[in-house]
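In: test case, fold it:
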Amino acid sequence: MERGEIVGILGVIVGIVLDRLPGVYVMLFAPMVDILMFQNPLATERPSWTAFLPSHFATNALMDAAFTTGNSLGDLLAAGGYVVALLAASIILFYHAATID
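Out: Numbering: from 1, shown residues only. Reported below is the predicted structural model:
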């Protein structure tokens, strides 16, 4: 559920920053490239910069919960922190975009 929340909040940010058509294309392709290519659990090595992408911590927590006996509380908390940070940024952007002078 975390990945869906992250993508939805990013959709708010992209919708405010970009126009309709570019925003739709960004939100159609960017999350799929992130999840399917850069966060692929079958990849042996991932570049270090992929840790800054939105689905990194949520995918790690999901794979650890599904296929290991240990709990990855750090990845789960980091994914939650990512959601909270993006939510705060989207609230601020939406407030500035919606204010009427």
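In: now stretch 54-69: buried residues?
Out: Using 16 or more other Cβ atoms under 10 Å as the burial criterion, the residues of stretch 54-69 that qualify are Pro54, Ser55, His56, Phe57, Ala58, Thr59, Asn60, Ala61, Leu62, Asp64. To be clear about C-beta, it is placed using only N, CA and C from the backbone, and glycine gets the same treatment.
In: for stretch 69-82, that is, sorry about that
Out: Neighbour-count burial for stretch 69-82 flags Ser72, Asp75, Leu76, Ala78, Ala79, Tyr82 (criterion: 16+ other Cβ under 10 Å).
In: circling back to that earlier point, now, the buried residues of stretch 54-69 that are in strands?
Out: Counting by DSSP state E, none of the members of those fall within strands.
In: and these as CSV, adding pLDDT?
Out: Listed next are those as CSV, based on pLDDT from 0 to 100:
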residue, pLDDT
Pro54, 86
Ser55, 86
His56, 87
Phe57, 87
Ala58, 86
Thr59, 85
Asn60, 85
Ala61, 86
Leu62, 85
Asp64, 85
